[in-house]
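> Okay, sequence plus prediction incoming.
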Amino acid sequence: MKKILLCDDEQDIREVIEMLIEMELDAEIQHAENGDEGIQKLESEDFDLIVCDMNMPKVSGDEVFEFNKNNKNIPFLLISGDASRDILNLDGFLTVNPKNIVINKPWKGEELITKLRLILD
């Protein structure tokens, strides 16, 4: 069973993503309501994948990515409202881990599951 860290400040989004994952994949999901909480979980637990929103209060998705890049380098699925702009600001996002992927908002459930399968297989 894979272990996924899901970082998103919107509870409704976390619930939808969790429901999709539970229906389609064999995975355990840990939630983080913001990037700070996500980094704390990364410091204390092992994960197979991080699914992270870009814009969150306290600590944003780019800071979670930087922490991950410098400490764990776990595959990272970034959810962004403006992925083309945001990805340019993330040094090495597409090169530090070949499984890193960006999904634009609004995303479709089928697209999310397809990308998750690509990363976890």
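Good, I have the coordinates.
> Going by C-alpha atoms from here, please, whenever you check contacts or count neighbours.
Noted.
> What helices and strands are in contact with the one helix or strand residue 110 maps to?
Residue 110 belongs to helix 109-120 when assigned by DSSP states H and E. Applying 3 or more C-alpha pairs under 8 Å, 6 or more residues apart in numbering; DSSP states H and E, we find helix 109-120 packed against helix 11-24.
> mind listing what's buried in the helix or strand that comes right after the helix it packs on?
Next along the chain after helix 11-24, taking DSSP H and E as the criterion, comes strand 27-32. Judged by neighbour count (16 or more other C-alpha atoms under 10 Å), strand 27-32 contains these buried residues: 27, 29, 30, 31, 32.
> what's the distance between the residue lying closest to residue 53 once chain neighbours are set aside and residue 1?
Leaving aside its chain neighbours, residue 53 sits nearest to residue 79 (4.7 Å; criterion: C-alpha to C-alpha, 6 or more residues apart in numbering). Distance of residue 79 to residue 1, given as C-alpha to C-alpha, to the nearest Å: 23 Å.
> doesn't residue 25 make contact with residue 3?
No. Assessed by C-alpha atoms under 8 Å, residue 3 is found out of contact with residue 25, at 10.7 Å.
> Looking at those two, which one has more neighbours?
residue 3 (17 against 14; other C-alpha atoms under 10 Å).
> show me what contacts residue 59?
34, 35, 36 (C-alpha atoms under 8 Å, 6 or more residues apart in numbering).
> oh, I was asking about residue 11
Residue 11 sits next to residue 33 when contact means C-alpha under 8 Å, 6+ apart.
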